[in-house]
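>>> When you get a sec, could you give me coordinates for this:
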Amino acid sequence: MANNLAQKAAFWLYNLAWGLAVPALRLNHRLAEGFEQRTLQHKVQAADLWIQAASAGESYLAWAILKNLRPAHPVRVMLTSNTSQGIEILERAIDDITPNKRYVSVCAAYFPFDKPAIMDTAVRNVRPKTVVLLESEMWPGLLAALRKYGCKTIIINGRITEKSLTRYLAWPSLWHTLRPDKILAVSENDAKRFATLFGKEHVDVMPNMKFDRLGPTEPVPNTKNPLEKILRHGTPLLVLGSVRREEEPLVERIIVDIHHRQPETVIGLFPRHMHRIKYWEKALDRLAIPWALRSKTKTHVRYGTVILWDTFGELTLAYELSKAAFVGGSLVPLGGQNFLEALTCGVVPVIGPSWENFAWVGREIVEQGLVRNTADWKEVADALVEGMTKSPSHEEVREAALTYVKDRQGGTTRACRLVAEFLNSP
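Here you go, the predicted structure:
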């Protein structure tokens, strides 16, 4: 009884905190977009299946599920994401599957704020039979509402760090009450951590779906790369992908070093978050390095130019044309961004010392030369210069990568089978 009262008090305070925070969140330029959907000013549609994808990486996983899901009867699907990048990918996924999915109708919307009162309304209106949370999306307001209305919840491609587990274990009884119905974790270690929180009977291990992005389940790009309009054949293109704010000073040094050693190199600079574009405009001016905004570039760029990518959805296309690539989030302790995307396109990615978020890939991927793991920014620059001058062909890299992941694939099939089972159950 006391524990139940404590939980009710905690949710009352949580709801109050959100109530105080929501007006201020409108001032956040990242959250202002889709604010009406985040606060349910427009009624959400009913759906049988709700898939929550936090951002871009998870949205690609949602795309793969949609593409491979084989429901036994017509299904209405709602896709949500927290970011504009995620929404753009989900909308592309809808366009991709629509011609081939006669029995699946799909809509996309911003994920509502987790204020319990908002989530209660969202779940009551959507009334999903099954909710899929991708990777590590455990919001207490959402989970409580799903429990209240009897909706089944699955965590797919589940990841949970020791740090996160420690935070959750500050109140284990609360999270046990909010427990999802099934969790498919991407590694034995993640499964053990989920089991500590929710009980091992609810947890299984699955192959990480991101391995499937190197195989046939990956959305197929256009046969003619549209970036050829701005990059003439043979352009010495180097990509700096998913650069995070915390590592920007180090990336500046990489750019200066490469510009000095290989002045004809065209650098495609992709900040992880679009609001950092203004920073990079000023930084490149300060460094006296010629640059151009991608959105303003309509013809072939001059050699030696930094293309500052202020449009979304073209990182993969740039990887396909690059001779070398650095993947950010790895020069400082942030855990790294997804370097498998570069491998998908046939380029050996260079990363810094921090890649804990992708330890599930296995250290063997470095030992086999499919990823260059460096100690600092200078080693990154050296590896990129080497890659620009003597990198293997994209076909060789892709073939080696596919060989590496062959026995590690199958996560998408496993995930879709489980989702179908939940949807088809009485």
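
>>> ok, residues contacting stretch 305-315?
84-85, 88-89, 92, 227, 230, 239, 241-242, 255, 266-271, 274, 277, 280-281, 284, 289-295, 297, 301, 318, 341 (C-beta atoms under 8 Å, 6 or more residues apart in numbering). No exception for glycine: its C-beta is placed from N, CA and C like everyone else's.

>>> Only the buried subset of the residues you listed, as a PyMOL command please.
Of these, the buried ones can be selected in PyMOL as follows, counting by 16 or more other C-beta atoms under 10 Å:
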select buried, resi 84+85+88+89+92+227+230+239+241+242+255+266+267+268+269+270+271+274+277+280+284+289+291+292+294+297+301+318+341
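
>>> From the contacts of stretch 305-315, which land in strands?
239, 241, 242, 266, 267, 268, 269, 270, 271, 291, 292, 293 (DSSP state E).

>>> is the first one in a bridge, and if so with what?
When you say that, I think you mean residue 239. residue 268, residue 325 (DSSP bridges).

>>> And for the last one?
Using DSSP bridges, the bridge partners assigned to residue 293 are residue 308.

>>> so what's residue 422 up against?
If you count contacts by C-beta under 8 Å, 6+ apart, residue 422 has them with 129, 130, 152, 154, 181, 182.

>>> next one: residue 238
Residues in contact with residue 238, defined by C-beta under 8 Å, 6+ apart, are 258, 265-268, 322-326, 384, 387-388.

>>> Over to residue 164?
Residue 164 touches residue 136, counting by C-beta under 8 Å, 6+ apart.

>>> Quick check: it vs residue 43, distance?
Residue 164 sits 33 Å away from residue 43 when distances are taken as C-beta to C-beta, to the nearest Å.

>>> Same check on residue 186?
35 Å.

>>> more crowded one of those two?
Legend: neighbour count by other C-beta atoms under 10 Å for residue 186 and residue 43, higher for residue 186 (22 against 10).

>>> residues in contact with the closest residue to the more buried one other than its chain neighbours?
Nearest residue to residue 186, sequence neighbours excluded (C-beta to C-beta, 6 or more residues apart in numbering): residue 208, at 4.2 Å. If a contact means C-beta under 8 Å, 6+ apart, then residue 208 has 157, 186, 187, 360, 361, 408, 411 as its contacts.

>>> So which of the residues you listed wins on neighbours?
For these, neighbours tallied by other C-beta under 10 Å; top is residue 157, 28 neighbours.

>>> quick revisit: from the contacts of residue 208, pick the one nearest residue 102.
Closest to residue 102 out of the contacts of residue 208 is residue 411 (25.9 Å), distances taken as C-beta to C-beta.

>>> Run a quick check on that closest one versus residue 213, I expect a contact.
No. Residue 411 is beyond contact range of residue 213, at 9.9 Å (criterion: C-beta atoms under 8 Å).

>>> Spatially central residue in the protein, please.
Among the residues of the chain, the one closest to the centroid is residue 57, at 1.7 Å (C-alpha atoms, centre = their mean).

>>> any idea how far residue 129 is from that residue?
In terms of C-beta to C-beta, residue 57 sits 26 Å off from residue 129.

>>> again with residue 249
Distance, residue 249 to residue 129, by C-beta to C-beta: 49 Å.

>>> These two - which one has more neighbours?
Shown here are residue 249 and residue 129; by other C-beta under 10 Å, residue 129 has more neighbours (17 against 12).

>>> For the more buried one, grab phi and psi.
Main-chain torsions, residue 129, degrees, to the nearest 10: phi -70, psi -40.

>>> Can you identify the helix in the chain that spans the most residues?
Longest helix in the chain, counting residues (DSSP state H): helix 2-25.

>>> who are the neighbours in contact with the closest residue to residue 205 other than its chain neighbours?
Excluding the flanking residues, the one nearest residue 205 by C-beta to C-beta, 6+ apart is residue 191, at 4.9 Å. Going by C-beta under 8 Å, 6+ apart, residue 191 touches 158, 183, 185, 200, 203, 204, 205.

>>> PyMOL command for the buried members of these?
Selecting only the buried entries of these in PyMOL, with 16+ other C-beta under 10 Å as the criterion:
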select buried, resi 158+183+185+203+205
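
>>> will you turn the contacts of residue 191 into a markdown table that also has distance to residue 350?
Formatted as a markdown table, the contacts of residue 191 follow (distance: C-beta to C-beta, whole Å):
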| residue | distance to residue 350 |
| --- | --- |
| 158 | 29 |
| 183 | 34 |
| 185 | 29 |
| 200 | 39 |
| 203 | 35 |
| 204 | 35 |
| 205 | 30 |
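
>>> just the contacts of residue 191 now: which is nearest residue 65?
Using C-beta to C-beta, those come closest to residue 65 at residue 158, 14.1 Å.
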